[in-house]
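Chemist: Sequence and predicted structure are below.
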Amino acid sequence: MTTTRRLVLLRHAKAEHPAGLPDHSRPLALAGRRQAPLVGAAMTEAGIAPDLVWCSSSVRTRQTWELVRGSLGAQPEVEYLDEVYDAGVQSLLALLATAPEDARTLVVVGHEPTMSHAAATLAGPDSDPAAVARVQVGVPTASWSWLELDGSWSAVEPRVARLVRLVTPG
């Protein structure tokens with residue numbers, strides 16, 4: 001029996017750009033604080049219940065996840081990782097291949113362009129064409145890509161998943 005796994009790649013909500021503040025320390029903007037709870041509600045409505053969350057260690061991704069979690073109705077294990085903050089597509093795919101096998105649904109809260117480019121890279125032939133076209137050019141803040149793959153996390157590689165849907169704010 002093949003196990004279908006879900007991967008959700010979430011770009012953080014809208015962040016501030018205060019002068020002199022290091023990128024890692026940027027907080028959410030008011031618009032981002034409005035966006036993030038809507039993400040959690042949309043995930044719940046879609047039946048997304050994560051077992052594990054890998055969240056970038058940045059302030060804006062942490063704040064995004066806390067607001068998403070508050071409206072998600074689930075309490076998954078959360079790991080805050082510098083590897084997600086620093087990730088490019090190839091390093092993110094390598095990290096995904098290390099996910100624990102008991103995680104059926106994994107949410108990664110990260111940054112552009114890695115979130116959209118990773119979704120585009122993973123999207124195989126059975127993916128939604130409109131969603132693939134959109135992730136190829138980047139996604140707005142608080143957008144999330146829903147991908148499914150059959151088998152083990154260790155088998156993660158380009159074009160192995162189905163990009164089921166891209167959800168954008170608004």
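Modeler: Sure, I can see it.

Chemist: Tell me which other helices or strands the host helix or strand of Gln90 touches.
Modeler: For Gln90, the host element (DSSP states H and E) is helix 89-96. Using 3 or more C-beta pairs under 8 Å, 6 or more residues apart in numbering; DSSP states H and E, the elements in contact with helix 89-96 are helix 82-85, strand 105-110, helix 114-122. Quick note: C-beta positions are derived from backbone N, CA and C, even for glycine.

Chemist: how about 7 Å then?
Modeler: Using 3 or more C-beta pairs under 7 Å, 6 or more residues apart in numbering; DSSP states H and E, the elements in contact with helix 89-96 are helix 114-122.

Chemist: Would you mind identifying the next helix or strand past the helix it packs on?
Modeler: Taking DSSP H and E, what comes next after helix 114-122 is helix 129-135.

Chemist: Return the set of buried residues in that next one.
Modeler: Under the neighbour-count criterion of 16 or more other C-beta atoms under 10 Å, helix 129-135 has 131-132, 134-135 buried.

Chemist: contacting residues for the closest residue to Glu157 other than its chain neighbours?
Modeler: Spatially, and ignoring its direct neighbours in sequence, Glu157 is nearest to Leu93 (6.9 Å; C-beta to C-beta, 6 or more residues apart in numbering). Going by C-beta atoms under 7 Å, 6 or more residues apart in numbering, Leu93 touches 118, 156-157.

Chemist: Return the distance of Leu93 relative to Ala120.
Modeler: 12 Å (C-beta to C-beta, to the nearest Å).

Chemist: and what of Ala155?
Modeler: Distance from Ala155 to Ala120, by C-beta to C-beta: 19 Å.

Chemist: more crowded one of those two?
Modeler: Ala120 (24 against 11; other C-beta atoms under 10 Å).

Chemist: who are the neighbours in contact with that one?
Modeler: 132, 135-136.

Chemist: circling back: looking at the buried residues of helix 129-135, spot the one nearest Arg6.
Modeler: Relative to Arg6, the closest of these is Ala131; by C-beta to C-beta it sits at 14.6 Å.

Chemist: related to what we said a few turns ago, from the buried residues of helix 129-135, which is closest to Ser56?
Modeler: Val135 (18.2 Å).

Chemist: Wait, that closest one touches Ser143, no?
Modeler: No. Between Val135 and Ser143 there is no contact under C-beta atoms under 7 Å: 8.7 Å.

Chemist: Now for those two: what residues contact both?
Modeler: With C-beta under 7 Å, 6+ apart, Val135 and Ser143 have common neighbours Leu166.

Chemist: in the chain, which ranges drop under the pLDDT threshold?
Modeler: For the chain, applying pLDDT under 70 flags the ranges 1, 170.
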